[in-house]
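**Student:** Pasting the sequence and the predicted coordinates here, then a few questions.
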Amino acid sequence: MAFKLMMSAQRKWRKLDGQNHLPEIIQAVEFRDGLRQLQVAA
């Protein structure tokens, strides 16, 4: 029964939005409202 529930749920799953930004997220690049924030040297 659990297998059937998982198969049913899988049909409703969707891909991540912005999957092309994953390497930047891993490198700790900061994003605000989906836009990359530039670091200003002080």
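**Tutor:** Sure thing, it's come through. It should be emphasised that the depicted structure is a prediction, and the values quoted were computed from it without experimental measurement. Numbering: from 1, shown residues only.
**Student:** Neighbours of Ala28, how many?
**Tutor:** If you count neighbours by other C-beta atoms under 10 Å, Ala28 ends up with 6. Backbone N, C-alpha and C define where each C-beta goes, glycine included.
**Student:** Distance check, it against Asp17.
**Tutor:** As judged by C-beta to C-beta, to the nearest Å, Ala28 and Asp17 stand 20 Å apart.
**Student:** again with Phe3
**Tutor:** Distance, Phe3 to Asp17, using C-beta to C-beta: 28 Å.
**Student:** what bits of the chain have low per-residue confidence?
**Tutor:** Confidence mapping of the chain against pLDDT under 70 gives the ranges 15-16, 41-42.
**Student:** can you map out the helices along it?
**Tutor:** 2-10, 22-26 (DSSP state H).
**Student:** what about Pro23, distance to Leu38?
**Tutor:** From Pro23 across to Leu38, the span is 17 Å (C-beta to C-beta).
**Student:** swap in Gly18?
**Tutor:** Distance of Gly18 to Leu38, given as C-beta to C-beta: 18 Å.
**Student:** quick one, which of these two is more surrounded?
**Tutor:** Neighbours per residue (other C-beta under 10 Å) separate Gly18 from Leu38, with Gly18 holding more: 11 against 7.
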